[in-house]
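# All I have is the shape, not the residue letters:
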Ligand SMILES: CCCCC/C=C\C/C=C\C/C=C\CC/C=C/C(=O)SCCNC(=O)CCNC(=O)[C@H](O)C(C)(C)COP(=O)(O)OP(=O)(O)OC[C@H]1O[C@@H](n2cnc3c(N)ncnc32)[C@H](O)[C@@H]1OP(=O)(O)O
Ligand SMILES: Cc1cc2nc3c(=O)[nH]c(=O)nc-3n(C[C@H](O)[C@H](O)[C@H](O)COP(=O)(O)OP(=O)(O)OC[C@H]3O[C@@H](n4cnc5c(N)ncnc54)[C@H](O)[C@@H]3O)c2cc1C
């Protein structure tokens, strides 16, 4: 589709800045946009289209999905409802439900979290009790805390949802399983009998995703509505367990992998905005007889922003690498081979937290780097922060996931000490953890991060063992040591992020032009050097770095900032975000930030009249002492 058509869609959609809409209007506007984008996004290629037309169609699809995906009430339909049908449905269930879901004949969401439980899935209280007489499940929310709470699109958008509920057969619990539940009438959209639905209210961000609550009052669904790929309930109520109860958690692993790439994208958007603004903003006069410099020429500004470019690259490379692992493990699971699932789970439990922690912090740093104008909603930095920071919590709260990863690391280390071989991304734990002398090369620093991880894991295992020797239960010992268990997971995650970024760039370097290779490898060097300085305490403790080495690292870091400066704007332009996607007064490609700030300001409803009605109603009587 040509430029004008995409713009016209955008223009039609954004006649009113969302900031000035009510909570309800924001949702209604978002549905309008989502429907239009979805229609555009899914207009299919036909066979007699020219290559050029197909390319334009695909381009438009990328543009529209990138705009619509982050804050749409349809978000869960694509990112969890459909993947759950794919991952948890039998062949027949997939056949039936995928067609309806892909064609948007139905809109779904993923309802797992409850008012009383999010992390502790085994504590979920929504009941699915099998009735063999009618071959139905009775869904029931026994207490308020069992109401589903949070699912995106659940409040007023979805008419179906995957409900994660505790299965009971003849009074016995068989754990948490996925159920396909119609929640609204397909014609009237009214909630079905025995179903209570509503919206959970205004949030820090995601205010058009339509997060809702759902309560059941003995609502019946037929037996074939339990997604039965991984476990089955036969007509007579016989329960057939799956090969691994955690296979029902598969969608969460999938989304955690998605989130790493999403963080690359979010961070790229924020640093594009902040860096472009830093190139047009001039401020102060360090040299009396010279004009005000671009704030991008302040090294402190480069320090705030260039790491965000490198981090976006690092997250993207790690996401693509992790995606390959996810894909191959999924194929193995399909053939009943489960032994690589724990490693995939542990990796996702490291990379999802670290990418969200870093992206959230760096997006906020991008906002702060833009001074007052960064604080404007029209800059779109606050909203980007709101979207990113949610990922710290959803899909597994970061602390909890780091502790999950620690579980795998502790098991791997204890096994290693007993002579069990280590494999995959944990194989390095068997390496030599004594560092004779500091090696300041990129590979040398990455090796030091691995040594830090080995030493942190081994020392926290020692703490655990000492606590247990002192008589503490394993659970109490675990809780007491948990701060340093998360630190050990973070150290492992850092080592993975750094080594994968480097190795993935090395693979690509061979096909890059020399100038491009030079710039991209400078970003790798910057990323590794930045983190060595950020973690200098660990380097001093475990990696034999000396004060002289630190001094050298600091000088190298400063030189890298200077080397990257000439290409900085080109590097964010290379993310290739259209203005419609950045949606930012500060980040537009033409650099007309001041004009755009003024244009947006004039859209404020308050500017429709020179004197607001409160003057005559309140101010004037107040100032005249007549109120
Ligand atoms: C085009 C549009 C789409 C674009 C989208 C782009 C990007 C994505 C952006 C957004 C995503 C979309 C939407 C986001 C909306 C958010 C949705 C949600 O938040 S859904 C709800 C998510 N909730 C969770 O993640 C809950 C977190 N809790 C857990 O995962 C588990 O309960 C926990 C804490 C890991 C384990 O709890 P616990 O009870 O302590 O232990 P268990 O005994 O149950 O389990 C421990 C053993 O099981 C293994 N395990 C645990 N989880 C998994 C897993 N997922 N896979 C494999 N194995 C698992 C674990 O390793 C332990 O094994 P061992 O006993 O050590 O052998
Ligand atoms: C924007 C957004 C969208 C969401 N969308 C969905 C959705 O579509 N579908 C859905 O099902 N859910 C969704 N969620 C819910 C999300 O999955 C949960 O919020 C998340 O799993 C955390 O659970 P919780 O909120 O109950 O917090 P809790 O689990 O109560 O955690 C609260 C605090 O307690 C700590 N804590 C909890 N357990 C432990 C432990 N074992 N050890 C140490 N510390 C612990 C946590 O670290 C955290 O700091 C969404 C959430 C948000 C914010």
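Right, received. Where do you want to start? Just so it is clear, the structure is predicted and the values come from calculations on it, not from any experiment. Ligands and ions are numbered 1, 2, ... in the order given.
# from here on, contacts and neighbour counts on C-alpha atoms
Fine.
# what's around whichever residue of the stretch 451-600 of the chain sits closest to ligand 1, how many residues?
Shortest the stretch 451-600 of the chain-to-ligand 1 distance, computed as Cα to the nearest ligand atom: residue-wise this is residue 475, at 10.8 Å. Residue neighbour count, defined by other Cα atoms under 10 Å, stands at 11 for residue 475.
# Then residue 224?
By other Cα under 10 Å, the residues close to residue 224 number 19.
# Got the phi and psi for it?
For residue 224, the backbone dihedrals (degrees, to the nearest 10) come out as phi -70, psi 0.
# now residue 165
The phi and psi values for residue 165, taken as degrees, to the nearest 10, are phi -130, psi 160.
# what sits against it?
112, 124-128, 176-179 (Cα atoms under 8 Å, 6 or more residues apart in numbering).
# Centre-most residue in the chain?
Among the residues of the chain, residue 259 comes closest to the average C-alpha position under Cα atoms, centre = their mean, at 3.2 Å.
# For the residue in the stretch 401-550 of the chain that ligand 2 sits nearest to, give me the pLDDT.
Closest residue of the stretch 401-550 of the chain to ligand 2, Cα to the nearest ligand atom: residue 403 (7.1 Å). You'll see residue 403 listed with a pLDDT of 98.
# And for residue 438?
Predicted confidence (pLDDT) for residue 438: 93.
# Kindly report the same for residue 103.
Residue 103 carries a pLDDT value of 89.
# go on, residue 62?
We note a pLDDT of 49 for residue 62 in this prediction.
# mind listing the helices for the stretch 151-300 of the chain?
Using DSSP state H, counting those that start in this stretch, the helices of the stretch 151-300 of the chain run over residues 250-280, 299-334.
# One more: the stretch 451-600 of the chain?
Secondary structure of the stretch 451-600 of the chain, counting by DSSP H, counting those that start in this stretch: helices at 474-480, 482-509, 514-534, 536-542, 547-564, 568-573, 579-582, 593-601.
# Of those helices, which shows the lowest average pLDDT?
helix 579-582 - the lowest mean pLDDT of these, at a mean of 90.
# for ligand 1, what are the nearby residues on the protein?
Counting by Cα under 6 Å from any ligand atom, the chain comes close to ligand 1 at 69, 75-76, 78-79, 112-113, 118-122, 246, 249-250, 252-253, 255, 258-259, 262, 341-342, 345, 394-396, 400, 404, 407.
# Can you get me a residue count around the residue nearest to residue 232 when sequence neighbours are not counted?
In space, not counting the residues next to it along the chain, residue 232 is nearest to residue 240; the distance is 4.9 Å by Cα to Cα, 6 or more residues apart in numbering. For residue 240, the count of nearby residues is 13 (other Cα under 10 Å).
# give the contact list for residue 240.
If you count contacts by Cα under 8 Å, 6+ apart, then residue 240 has 231-234 around it.
# follow-up on the earlier one: can you count the residues close to the residue of the stretch 401-550 of the chain closest to ligand 2?
Counted by other Cα under 10 Å, the residues lying close to residue 403 total 25.
# what does the domain assignment say about this structure?
If you go by automatic domain parsing, the domain ranges for the chain are 3-69, 107-246, 254-422+439-570.
# between the contacts of residue 165, which is nearest ligand 1?
residue 112 (5.6 Å).
# Quick check: that closest one touching residue 154?
No: counting by Cα atoms under 8 Å, residue 112 stays clear of residue 154, with 11.4 Å between them.
# more crowded one of the two?
Each of residue 112 and residue 154 has its neighbours counted (other Cα under 10 Å); residue 154 has more, 32 against 24.
# Please report phi then psi for that one.
phi -70, psi -30.
# and if you look at residue 102?
When read as degrees, to the nearest 10, the backbone of residue 102 gives phi -60, psi -30.
# Tally up the residues packed near it, please.
Neighbours around residue 102, by other Cα under 10 Å: 14.
# go on, residue 246?
Close neighbours of residue 246, defined as other Cα under 10 Å, add up to 12.
# How about residue 97?
For residue 97, the neighbour count with other Cα under 10 Å is 18.
# isn't it right next to residue 86, touching?
No: with contacts counted by Cα under 8 Å, residue 97 stays clear of residue 86, the gap being 9.1 Å.
# Show me which residues of the stretch 401-550 of the chain sit near ligand 2.
Near ligand 2, when you scan the stretch 401-550 of the chain using Cα under 6 Å from any ligand atom, you find nothing.
# neighbours of the residue lying closest to residue 587 once chain neighbours are set aside, just the number please.
Closest residue in space to residue 587, ignoring its immediate chain neighbours: residue 273 at 3.8 Å, by Cα to Cα, 6+ apart. The local packing of residue 273 (other Cα under 10 Å) involves 29 other residues.
# And residue 273, how close does it get to ligand 1?
20 Å (Cα to the nearest ligand atom, to the nearest Å).
# wait, what's in contact with that residue?
Going by Cα under 8 Å, 6+ apart, residue 273 touches 379, 381, 582, 584, 586-588.
# With neighbour count as extra columns, can I get those in TSV?
Rendered in TSV, the data for the contacts of residue 273 read as follows (neighbours: other Cα atoms under 10 Å):
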residue	neighbour count
379	28
381	32
582	24
584	24
586	32
587	29
588	22
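# Widest-spaced pair of those?
Taking every pair in the contacts of residue 273 and measuring Cα to Cα, the maximum separation is 12.9 Å, between 381 and 588.
# The residues of the chain next to ligand 1, buried ones only, as a PyMOL selection?
One line in PyMOL is enough to select the buried members of the residues of the chain next to ligand 1, burial here meaning 16 or more other Cα atoms under 10 Å:
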select buried, resi 69+75+76+78+79+112+113+118+119+121+249+250+252+253+255+258+259+262+341+345+394+395+396+400+404+407
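# Now, the residues of the chain next to ligand 1 that are in strands?
Using DSSP state E, no member of those falls in strands.
# ok so, going back, out of the contacts of residue 165, which are inside strands?
Assignment to strands by DSSP E places the following of the contacts of residue 165 there: 127-128, 176-179.
# Would you mind reformatting the residues you listed (as TSV) and adding columns for pLDDT while you're at it?
Rendered in TSV, the data for these read as follows (pLDDT from 0 to 100):
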residue	pLDDT
127	98
128	98
176	96
177	97
178	97
179	98
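# Out of these, which end up buried?
Buried positions within the ones in strands among the contacts of residue 165, assessed by neighbour count (16+ other Cα under 10 Å), are 127-128, 176-179.
# still on that earlier bit, out of the domains of the chain, nearest to residue 612?
Comparing the domains of the chain against residue 612 with Cα to Cα, the closest turns out to be domain 3-69 (16.4 Å).
# what's the pLDDT at the residue of the stretch 151-300 of the chain at minimum distance from ligand 2?
For the stretch 151-300 of the chain, the nearest residue to ligand 2 under the criterion Cα to the nearest ligand atom is residue 151, separated by 3.3 Å. In the prediction, the pLDDT value recorded for residue 151 is 98.
# Enumerate every residue touching residue 437.
543-545.
# From residue 552, how far out is it?
For residue 437, the distance to residue 552 under the criterion Cα to Cα, to the nearest Å works out to 15 Å.
# Please apply the same query to residue 317.
From residue 317 across to residue 552, the span is 28 Å (Cα to Cα).
# Looking at the two, which is more packed in?
Residue environment comparison for residue 317 versus residue 552 gives the larger neighbour count to residue 317, 22 against 12, counting by other Cα under 10 Å.
# give the contact list for that one.
Shown here is residue 317, whose contacts under the criterion Cα under 8 Å, 6+ apart are 500-501, 504-505.
# Tell me the spacing between it and residue 131.
Taken as Cα to Cα, the spacing of residue 317 relative to residue 131 amounts to 49 Å.
# Then residue 234?
Distance, residue 234 to residue 131, by Cα to Cα: 11 Å.
# In terms of neighbours, single out the busier of those two.
Looking at residue 234 and residue 131 with other Cα under 10 Å, you find the greater number of neighbours at residue 131, namely 19 against 12.
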